[in-house]
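Asker: Sequence isn't available, so here's the structure alone:
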């Protein structure tokens, strides 16, 4: 079974919180670099099986929506969603095809941002 990097987090509590949420939804996951992050300050990777990537992204997105209320810095609306950055959205088809065809090449890490539904502003915020 091949595992794909779902996201990186800055501390072990974030990693464990996400791992528990994924496992509650029937998605096996691996937390990598947990020990080395304490020693040398690296980020912790949360990895999921390639065949569960889409479902894992949905769980991750739902978890992000539940954990914090995000306000748009432009219009101060709370109608904000966590999405793949606009410049990467056109790659979805190519990424899915590459996952199915080539198990050797890893897919690129997609940049996720917040997008305001009112004014369409995209912005980043610290991870939970």
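Answerer: Ah, there it is. It should be emphasised that the depicted structure is a prediction, and the values quoted were computed from it without experimental measurement.
Asker: Mind checking what helix or strand follows the lowest-mean-pLDDT helix or strand in the chain in sequence?
Answerer: In the chain, the helix or strand scored least confidently by mean pLDDT, DSSP states H and E is helix 34-40, which has a mean of 57. Next along the chain after helix 34-40, taking DSSP states H and E as the criterion, comes strand 44-49.
Asker: Neighbouring strands - and their directions - for that following strand?
Answerer: Applying DSSP bridges to the sheet, strand 44-49 is found paired with strand 3-9 (antiparallel), strand 30-32 (antiparallel).
Asker: Please name whichever of those strands is nearest to residue 65.
Answerer: Across the strands paired with strand 44-49, residue 65 has its closest neighbour in strand 3-9 (14.7 Å, Cβ to Cβ). From N, CA and C alone the C-beta is placed, and that goes for glycine too.
Asker: In that closest one, which residues are buried?
Answerer: 3, 4, 6, 7, 8, 9 (16 or more other Cβ atoms under 10 Å).
Asker: Give me the domain ranges for this structure.
Answerer: 1-67, 69-128 (automatic domain parsing).
Asker: In terms of mean pLDDT, which of those ranks lowest?
Answerer: Among those, domain 69-128 carries the lowest mean pLDDT, at a mean of 70.
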